[in-house]
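Q: Have a look at this prediction, sequence included:
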Amino acid sequence: MASSKRLKKRQMKEDQLVTTTVRLSQFVQDHFTQVISGVIILVAAIGVILFTANVRRNASVGAEAEFGVAMNAYKYTDQAAAAASFRSVADRYGSHKVGILALYFLGECYLSQFMYDEAIIAFDRYIEKTEAEGEFLVAARFARALCYEGRENYAEGAKALEALAQDMNKEDPRYIDVCFEAGRLFELVGDRRAEEYFEIVVDRGAGPVRERSKIWLAILR
């Protein structure tokens, strides 16, 4: 009798094991497509990430190579060729650091060719895209103001230089040059703010630019 009870218990355990195994097998079969789809999606996502990183790395290498070609033309004063190369880098690699930097040098090339409108556009694009501490931000704003002078829009150039002077660190050695040019352009339009900026140069500056500011103050007074 005891032997019969033990047999029934063992059969019950075996039946439960079989039932559990069958259910698990059925679950895997029912969800096989979903599981495989999930794995495929995960693998695809990893592939996309790796592909994107590789493309970006290759794009960065290509951007730097093209930028180097443009810089060589720029250094050898072939401004037309340099402008074409910088424009290509800016258009093709606009989201890369060198693509943004190319905009500044593109503006310089246009400025050297007296293409003031095109230079202003290039400098504006650089200023818009660069960070607050961009390497050539001050230079771009300064050159942009000189473009207005080239167009004989002295009032706009003076205002641009005044805004730049107000934003600059007063300890920046370029601050004195910006103030002198602001004074010079304000003088051209008969604005009394010219004296204010020449005085800054006399108080803070040194060398020829300080002496020229003294002369301007003597004339204006």
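A: Yep, it's here. Note that the coordinates shown come from a computational prediction; the quantities given were computed from them, not determined experimentally. Numbering: from 1, shown residues only.

Q: mind pulling up the phi and psi values for Thr130?
A: Backbone torsions for Thr130, taken as degrees, to the nearest 10, come to phi -80, psi 160.

Q: Look up the pLDDT of it for me, please.
A: Reading off the confidence values, Thr130 has pLDDT 87.

Q: Surely it and Val138 touch.
A: No. The pair Thr130 and Val138 does not pass the contact test of C-beta atoms under 8 Å, sitting 10.8 Å apart. C-beta: built from backbone N, CA, C; applies to glycine.

Q: Just the endpoints, please. Distance across stretch 199-212?
A: As for stretch 199-212, its first-to-last residue distance stands at 11 Å under the measure C-alpha to C-alpha, to the nearest Å.

Q: Can you list the neighbours in contact with it?
A: When contacts are defined by C-beta atoms under 8 Å, 6 or more residues apart in numbering, stretch 199-212 is touched by residues Lys170, Tyr175, Ile176, Asp177, Cys179, Phe180, Gly183, Ser213, Lys214, Leu217.

Q: With stretch 62-80 instead?
A: Contacting residues not belonging to stretch 62-80 are listed as 81-82, 85-86, 88-89, 92-93, 96, 98-99, 101-102, 105, 108-109, 112-113 [C-beta under 8 Å, 6+ apart].

Q: what sits against the residue nearest to the spatial centre of the chain?
A: Residue closest to the mean C-alpha point of the chain, counted by C-alpha atoms, centre = their mean, is Thr130 at 4.0 Å. Taking C-beta under 8 Å, 6+ apart as the criterion, Thr130 is in contact with Ile100, Tyr104, Phe136, Leu137, Ala140.

Q: The first one: helix or strand, and which one exactly?
A: Element membership for Ile100, per DSSP states H and E: helix 97-112.

Q: picking up where we left off before, in a markdown table: the contacts of Thr130, plus distance to Tyr76 and pLDDT.
A: Shown next, in a markdown table, are the contacts of Thr130 (distance: C-beta to C-beta, whole Å; pLDDT from 0 to 100):
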| residue | distance to Tyr76 | pLDDT |
| --- | --- | --- |
| Ile100 | 23 | 92 |
| Tyr104 | 19 | 94 |
| Phe136 | 20 | 90 |
| Leu137 | 26 | 93 |
| Ala140 | 23 | 95 |
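
Q: In these, which residue is surrounded by the most others?
A: Of all the contacts of Thr130, the most densely surrounded is Tyr104 (25 neighbours; neighbours counted as other C-beta atoms under 10 Å).

Q: wait, isn't that residue in contact with Ala122?
A: Yes. In terms of C-beta under 8 Å, Tyr104 counts as a neighbour of Ala122; the distance is 7.5 Å.

Q: domain ranges for this protein?
A: 17-130, 153-221 (automatic domain parsing).

Q: Looking at those domains, which is nearest to Arg144?
A: domain 17-130 (4.2 Å; C-beta to C-beta).

Q: still on that earlier bit, by mean pLDDT, show me the worst of the domains of the chain.
A: Among the domains of the chain, domain 17-130 scores lowest, at a mean of 72.

Q: before we move on, back to that, from the contacts of stretch 62-80, which would you call buried?
A: 81-82, 85-86, 88-89, 93, 96, 98-99, 101-102, 105, 108-109 (16 or more other C-beta atoms under 10 Å).
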